[in-house]
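[1] Task: produce atomic coordinates for the following.
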Amino acid sequence: MDLKALETKWRTALSSILDQLTADEFRKLLFNLEKIPQGLKEGRVRGDMPSVIIQHYSTEGSITLMDRLMKDLPRLDAAVQQPLRGMKDELKKLRQKKKAATSKPADSGAVTKKKEPAAEVSGGSGETQSLDDSIEKLILAVRLLAPLEKSIFELNSSGILETEAIVGKVVKKSELVYPESPLTSVKDIKSSPLKTYVSVEGTVTQIDPIKKVKVQHEEKKTKRFKLKQEDEEISVTLWDEAIKQSKDLSVGDVLLLNNMKRKVYLREVYLNSTQFTKITKDQSAAPVHIRKIKVITLLRTTKRNAHLQVQFEGRFQEVYGKTQVLSEGMGFRTMEEFNKGFFHMLPLTVMANMQGKRILEMRMI
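    Below is the predicted model:
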């Protein structure tokens, strides 16, 4: 059995395994699939997930990952473990076969075929994106040399890119889909890993004039300002489209900066805009609304805040609030009770006092 055949068999087995999970177990599983962007998890039926999981973790990686996650849930019953055990055995045989093949002396008359790189498609921003990428934010369609069109997602899902190189022409691209990077405090940003994507709130304290700088022999405009949050302050550098979004920026404005990238220069931590940066003014001054929302799952927690995925007016979005506020609103007396009992209550509908994406108060209905 080759890798492509193994993937086909694993896709069927994985679909069977996912069908055995309860709604609560399925939510926990999605929560632990950190490589998969949140937008690819939202509103998907279980039948779609095997292709998405294999695309982001590979065939071999996803078999190993599912083995660990099923033990963590725990799901040790035969309905889950039997198909999983069969795939682990098949993977073991394939690895042994590969190992045996590489250990044999090469045929003196054989010519080693050089593995061709995966095709690359140039995006509109001038950056080159590999077809092996996880199609991070942009979905492109590729016209093959034959009169046939396939999306990059379809090519990745088919497994053909593991064995062949595809050369194509971009004929269509979708609108940009903006990701949801985690809302992070300035203090945590300064201590987080390099190149982390974050969102941050704060007050503008200083704005520098727009400057022109040379980047790889090309002249580009840049705009810098400082953002303050409580006792912490951080410098922000805007490029390209992000500068246009800051046209009416003034000292004292309260901003929400989405999808910024953490950078370090001469030991100073600062934030750089990206092609996905979105600037929203006056989030903290937004009016308070009472809304009925459906809590789908807990995305993550920080020292102070809990971030939730909710459904509101038919749309999925990320909101956040102080962990203590959310815990009390759901009737938990301690944080330990909140951490243990939260997932068992999902999904649930609540009334929330909201200011922008921040939950100020929440109560069960």
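[2] pLDDT wise, what is residue 20 at?
    pLDDT, residue 20: 89.
[3] What strand or helix carries the nearest residue to it once chain neighbours are set aside?
    Taking Cβ to Cβ, 6 or more residues apart in numbering, and ignoring the residues beside it in sequence, residue 20 has residue 79 as its nearest neighbour in space, at 4.8 Å. Where you see a C-beta, it was placed from the backbone N, CA and C, and this is true even at glycine. Remark: residue 79 resides in helix 78-103, with elements defined by DSSP states H and E.
[4] For that helix, which residues meet the burial criterion?
    The neighbour-count check on helix 78-103 (16 or more other Cβ atoms under 10 Å) flags 80-81, 83-84, 87, 90-91, 94 as buried.
[5] which two from those end up farthest apart in space?
    Farthest apart among these by Cβ to Cβ are 80 and 94. That separation is 21.7 Å.
[6] low pLDDT regions in the stretch 51-200 of the chain?
    Low-confidence segments of the stretch 51-200 of the chain, defined by pLDDT under 70: 103-180, 193-195.
[7] just checking, what packs against whatever helix or strand residue 280 lives in?
    In this assignment (DSSP H and E), residue 280 forms part of strand 278-281. Counting by 3 or more Cβ pairs under 8 Å, 6 or more residues apart in numbering; DSSP states H and E, the packing neighbours recorded for strand 278-281 are helix 241-245, strand 254-265.
[8] average pLDDT across it?
    Here the average pLDDT along strand 278-281 is 86.
[9] Can you give the distance from that strand to the centre of its chain?
    Centroid displacement of strand 278-281 relative to its chain, using Cα atoms, centre = their mean, to the nearest Å, is 20 Å.
[10] moving C-terminal of it, what's the next helix or strand?
    Moving toward the C-terminus from strand 278-281, the next helix or strand (DSSP H and E) is strand 288-301.
[11] which SS class is the closest residue in space to residue 50 that isn't next to it in sequence?
    Of all residues not flanking residue 50 in the chain, residue 14 sits nearest, at 4.3 Å (Cβ to Cβ, 6+ apart). Secondary structure for residue 14, judged by DSSP: H, G, I helix; E, B strand; the rest coil, is helix.
[12] Give me the neighbour count for residue 14.
    When neighbours are defined as other Cβ atoms under 10 Å, residue 14 has 24 of them.
[13] quick one, what contacts it?
    With contacts defined as Cβ atoms under 8 Å, 6 or more residues apart in numbering, the neighbours of residue 14 are 49-50, 53-54, 62, 66.
[14] I'd like to know which of the residues you listed are buried.
    Buried residues within these, counting neighbours by 16+ other Cβ under 10 Å: 49-50, 53-54, 62, 66.
[15] Redo those residues as TSV? Include distance to residue 340.
    Shown next, in TSV, are the buried ones among the contacts of residue 14 (distance: Cβ to Cβ, whole Å):
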residue	distance to residue 340
49	26
50	30
53	27
54	32
62	29
66	25
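[16] Return the distance of residue 319 relative to residue 86.
    42 Å (Cβ to Cβ, to the nearest Å).
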